[in-house]
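Engineer: Fold the stuff below for me.
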Amino acid sequence: MMEHLRANGVGLIRLILPYRSMHTPYLRCMPKPWPALDRRIFWDVDYDRMDLDAKWRFVIERVFERGDVEDIRQCRRYYGDEKVRQALLEAKYLPEQTIYLASAVVGEPLEKFRCYTATHSRPGSFPY
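Structural biologist: Predicted coordinates for the structure are as follows:
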């Protein structure tokens, strides 16, 4: 059998694919592990009772605003890049340094962020 695998490189793929496709539905049904986010990020809410799936926009905004690099990685693993991108682009408010970080992470220009355009559309006070 090893001679067949060496002679025909595709033979190995033929052996692996049925096993992989047979177990893929099982892996999809497994619940995603909760991200190991630091509790200090959510100092004003009850972290144990918080539903991370229902309040995903709040969680993503708060992690980018107050979390460190490992928290952002955990957030991106749990929610996926597309959901993180959507939440950050549609956020009503983010601090300026967080907008720059989010722009670098998602790869979008600053002008596409709702909070960036809203901040620049309001005139500031005039210094006298």
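
Engineer: Sketch out the low-pLDDT regions of the protein for me.
Structural biologist: In the predicted model, the chain carries pLDDT under 70 at residues 1-31, 119-128.

Engineer: got the domain boundaries for it?
Structural biologist: 1-30, 39-121 (automatic domain parsing).

Engineer: Save those as TSV, and put in mean neighbour count too.
Structural biologist: From N, CA and C alone the C-beta is placed, and that goes for glycine too. What follows is the domains of the chain, written out as TSV (neighbours: other Cβ atoms under 10 Å):
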stretch	mean neighbour count
domain 1-30	9
domain 39-121	15
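
Engineer: Could you look up the SS state of residue 49?
Structural biologist: Under the three-state scheme (DSSP: H, G, I helix; E, B strand; the rest coil), residue 49 adopts coil.

Engineer: Residue 91 and residue 112 touch, don't they?
Structural biologist: No. Using Cβ atoms under 8 Å as the test, residue 91 is too far from residue 112 to be in contact (11.6 Å).

Engineer: Next, the nearest residue to residue 56 once chain neighbours are set aside: phi, psi?
Structural biologist: Nearest non-adjacent residue to residue 56, counting by Cβ to Cβ, 6 or more residues apart in numbering: residue 79, 6.0 Å away. Torsion angles at residue 79 (phi, psi; degrees, to the nearest 10) stand at phi -90, psi -30.
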